[in-house]
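K.L.:
just the structure for this:
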Amino acid sequence: MTVRLSDGLRTDMLEGGSLESALALGFIIIYTGAQPAAANDVATGTLLVTISVGDADVGLTFDAIVTAGTLAKAAAETWSGTAAATGTAGWFRFHELATNRAGTITAAAASSTTAKRLDGSIAVSGGDLQMSNTAIVLAAIQTVSTFNLTLAAQ
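P.N.:
Predicted coordinates:
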């Protein structure tokens, strides 16, 4: 279980950007298999589902207030997506907005040292993104009920 930040995301944050602004209106893309060694690397596995607001071409946002080092999914939004394939979810990539969902998917899959994105593992328990069931079936709606990014104090 390891969240990996791309060079582009780390650079943006070190140059005065924020994690929230870098990923605002982005998308979560869920793949099969093991996550790549770095968030700069080309995506591996089969693309299972792209999570957006209400399964539309609308990017994700976060709550306005950060509490105890935790950035949370906007409570008023429903984060969901229709599965594009059948498989077992293994990892996710949260990618910045490119132009639209299709453009983001293309950009998220490519190798890049400038794209703002983070990768994490998926599991029923103990993953960076926990799902009630990692088995995804073609055309089934997948919903992310809770999503929190926490920066550890130590």
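K.L.:
only C-alpha atoms from now on, for both contacts and neighbour counts.
P.N.:
OK.
K.L.:
pull the longest strand from this structure.
P.N.:
For the chain, the longest strand by residue count, based on DSSP state E, is strand 87-95.
K.L.:
helices or strands up against that strand?
P.N.:
Counting by 3 or more Cα pairs under 8 Å, 6 or more residues apart in numbering; DSSP states H and E, the packing neighbours recorded for strand 87-95 are strand 27-32, helix 101-109, strand 117-123, strand 135-136.
K.L.:
can you point out the buried residues in the longest one?
P.N.:
Applying a neighbour-count criterion of 16 or more other Cα atoms under 10 Å, the buried positions in helix 101-109 are 101, 104-105, 107-109.
K.L.:
let's test this: mean pLDDT of it, rounded?
P.N.:
Average pLDDT, helix 101-109: 75.
K.L.:
who touches that helix?
P.N.:
Identification of contacts with helix 101-109 by Cα atoms under 8 Å, 6 or more residues apart in numbering yields 26-27, 29, 42-44, 50, 57-59, 93, 95-98, 115, 117.
K.L.:
so residue 40, which of the three states?
P.N.:
coil (DSSP: H, G, I helix; E, B strand; the rest coil).
K.L.:
surely it touches residue 112?
P.N.:
Yes - assessed by Cα atoms under 8 Å, residue 40 is found in contact with residue 112 at 5.0 Å.
K.L.:
ok, those two, which is more surrounded?
P.N.:
Legend: neighbour count by other Cα atoms under 10 Å for residue 40 and residue 112, higher for residue 40 (25 against 17).
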